[in-house]
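Undergrad: structural data only, the sequence is not supplied:
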Ligand SMILES: Nc1ncnc2c1ncn2[C@@H]1O[C@H](COP(=O)(O)OP(=O)(O)OP(=O)(O)O)[C@@H](O)[C@H]1O
Ligand code: SF4
Ligand SMILES: [Mg+2]
């Protein structure tokens, strides 16, 4: 069987794009550089009340056909980042290049084209589906909006995509309304709708967190199968590192609007570097079944204010490894640990600290 990377290379060989464009996007479907997304707080009297720095200097690259996860606790900026990629939010600073084009200042028509190329799966499938539309109507709608005027053609595509999301026999589901479906089936319809226009990128924001534990793995496996069948690029957003193990090749860990560690999946789990990632892992591997559906506070203490974030390392008020006089003053740069693994933490200023801290031997 062909490996993922070989497949991508094979695909690029026959790429119909002009060579100039190919050079420009360098195989990246998405290339985000120093992205900032600030929300202005409502002014008090005549005084400026400040900004919520939801995303604050994020770099992120995603190759065609690659699957990445963005992990971090509630409020760290995951959804803000995703909505900016979809250009629902406008970037405050930095650049987003998607499919070879800078999308920061896209106008209405360009945005329409952009959203054709990005499928979006959100957390709450029931909330995402119009309750008065049946499955066929829900799935025909994006086709109608995008000019598929032939009814037969639309229905054929609807049937095809329902088969792809394993809702068979298709005739059992076409005339069902969302309330007649289970949570897992509803999420399959949302995924079918996200896939129906053949996107090149799928963004899944907490796609299984509202589903029963028993169907979560099934949905993640479905997303994985679709990714492989269509060579899709996928961004999987979650607060739960445990589910990432089923799914993503490369993981970005976010804390307070910034990426603090990134690595291939196995590397991140086995050679965890950042103290926050350690805490996140410890919390998600809790074996107590009563904690399975709960997100725990990791570690003790609140995430910082994004209006007035702490100086230096944003994790320093909660960090047991803090180096006083450094961590609380200067923001740690990204230290390269090799193997596509990097970490923003002063403990890794000198590479040997990795072995000392995480017990990794070379
Ligand atoms: N439109 C907005 N206006 C003002 N503040 C916002 C807006 N959208 C998000 N925020 C704030 O930005 C911060 C990041 O929120 P975001 O929803 O991106 O986090 P998240 O990581 O997706 O959290 P969760 O895991 O709870 O979904 C939060 O403090 C949030 O209150
Ligand atoms: S930079 Fe300092 S405070 Fe931040 S995570 Fe590393 S050791 Fe902790
Ligand atoms: Mg969110």
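TA: Thanks, I have the structure now. Being a predicted model, the structure only gives us computed values, none of them experimental. Numbers count the residues shown, from 1 in each chain. Ligands and ions are numbered 1, 2, ... in the order given.
Undergrad: you'd agree residue 76 is in a strand?
TA: No: per DSSP: H, G, I helix; E, B strand; the rest coil, residue 76 lies outside any strand segment and is coil.
Undergrad: who's in contact with residue 190?
TA: Taking Cβ atoms under 8 Å, 6 or more residues apart in numbering, we find residue 190 in contact with 121-122, 125, 128-129. Backbone N, C-alpha and C define where each C-beta goes, glycine included.
Undergrad: farthest-separated two in those?
TA: 121 and 129 (11.8 Å; Cβ to Cβ).
Undergrad: neighbour count winner among the two?
TA: Comparing residue 121 with residue 129 by other Cβ atoms under 10 Å, the one with more neighbours is residue 121, at 24 against 20.
Undergrad: who does that one form a beta bridge with?
TA: Judged by DSSP bridges, the bridge partners of residue 121 are residue 204.
Undergrad: looking at it, it is touching residue 206, isn't it?
TA: No: the pair residue 121 / residue 206 is not scored as a contact, 9.2 Å apart, by Cβ atoms under 8 Å.
Undergrad: and the contacts of residue 190 as TSV, adding distance to ligand 2?
TA: As requested, the contacts of residue 190 are exported to TSV (distance: Cβ to the nearest ligand atom, whole Å):
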residue	distance to ligand 2
121	32
122	31
125	36
128	36
129	41
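Undergrad: what about residue 249, distance to residue 234?
TA: Using Cβ to Cβ, to the nearest Å, residue 249 is found at 9 Å from residue 234.
Undergrad: anything in contact with each of these two?
TA: Joint contacts of residue 249 and residue 234 (Cβ under 8 Å, 6+ apart) are 66-68.
Undergrad: what is the nearest of those to ligand 2?
TA: Using Cβ to the nearest ligand atom, residue 68 is the member of those that lies nearest ligand 2, at 22.2 Å.
Undergrad: quick one: the strands in the stretch 201-350 of the chain?
TA: 201-205, 233-238, 250-255, 258-264, 335-338, 341-343 (DSSP state E, counting those that start in this stretch).
Undergrad: would CSV of those strands with mean pLDDT, mean neighbour count and distance to residue 350 be doable?
TA: Below are those laid out as CSV (pLDDT from 0 to 100; neighbours: other Cβ atoms under 10 Å; distance: least, Cβ to Cβ, whole Å):
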stretch, mean pLDDT, mean neighbour count, distance to residue 350
strand 201-205, 96, 23, 37
strand 233-238, 95, 25, 32
strand 250-255, 96, 24, 21
strand 258-264, 96, 23, 17
strand 335-338, 93, 15, 9
strand 341-343, 96, 21, 13
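Undergrad: make JSON lines out of those strands and add distance to residue 156.
TA: What follows is the strands of the stretch 201-350 of the chain, written out as JSON lines (distance: least, Cβ to Cβ, whole Å):
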{"stretch": "strand 201-205", "distance to residue 156": "22"}
{"stretch": "strand 233-238", "distance to residue 156": "26"}
{"stretch": "strand 250-255", "distance to residue 156": "36"}
{"stretch": "strand 258-264", "distance to residue 156": "40"}
{"stretch": "strand 335-338", "distance to residue 156": "50"}
{"stretch": "strand 341-343", "distance to residue 156": "46"}
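Undergrad: and of the ones you listed, who's closest to ligand 2?
TA: strand 258-264 (7.3 Å).
Undergrad: is that closest one up against ligand 1 anywhere?
TA: No: judged by Cβ under 6 Å from any ligand atom, strand 258-264 and ligand 1 are separated, with a smallest distance of 11.9 Å.
Undergrad: I'd like to check the angle between that strand and strand 250-255, please.
TA: If you take axes from the mean of the first three to the mean of the last three Cα atoms, to 10 degrees, strand 258-264 sits at 160 degrees to strand 250-255.
Undergrad: Provide the strand pairings for strand 258-264, with the direction of each partner.
TA: Assessed with DSSP bridges, strand 258-264 is paired to strand 250-255 (antiparallel), strand 341-343 (antiparallel).
Undergrad: hmm, it touching ligand 2?
TA: No: Strand 258-264 is not in contact with ligand 2 by Cβ under 6 Å from any ligand atom; minimum separation 7.3 Å.
Undergrad: give me every residue in the stretch 51-200 of the chain lying close to ligand 1.
TA: 52, 54, 72, 74-80.
Undergrad: nearest to ligand 3 among the residues you listed?
TA: residue 79 (3.1 Å; Cβ to the ion).
Undergrad: other SSEs contacting the helix or strand the closest one falls within?
TA: Of the helices and strands defined by DSSP states H and E, residue 79 is found in helix 78-85. Applying 3 or more Cβ pairs under 8 Å, 6 or more residues apart in numbering; DSSP states H and E, we find helix 78-85 packed against strand 28-40, strand 51-63, strand 67-71, strand 93-98, strand 201-205, strand 233-238.
Undergrad: touching ligand 3 at all, that helix?
TA: Yes: interface with ligand 3: helix 78-85 contributes 78-79 (Cβ under 5 Å from the ion).
Undergrad: and that helix, what's its mean pLDDT?
TA: Mean pLDDT, computed over helix 78-85, is 95.
Undergrad: contacts for that helix, please.
TA: 30, 32, 35, 37, 39, 54-55, 58, 60, 70, 72, 89-91, 96, 98, 118, 203, 205, 235, 237, 239, 254.
Undergrad: what segments of the stretch 101-250 of the chain are helices?
TA: 108-117, 125-128, 135-145, 151-164, 183-195, 213-230, 241-244 (DSSP state H, counting those that start in this stretch).
Undergrad: please identify the deepest-packed of the ones you listed.
TA: Stretch with highest mean neighbour count among the helices of the stretch 101-250 of the chain: helix 183-195 (a mean of 23; mean count of other Cβ atoms under 10 Å).
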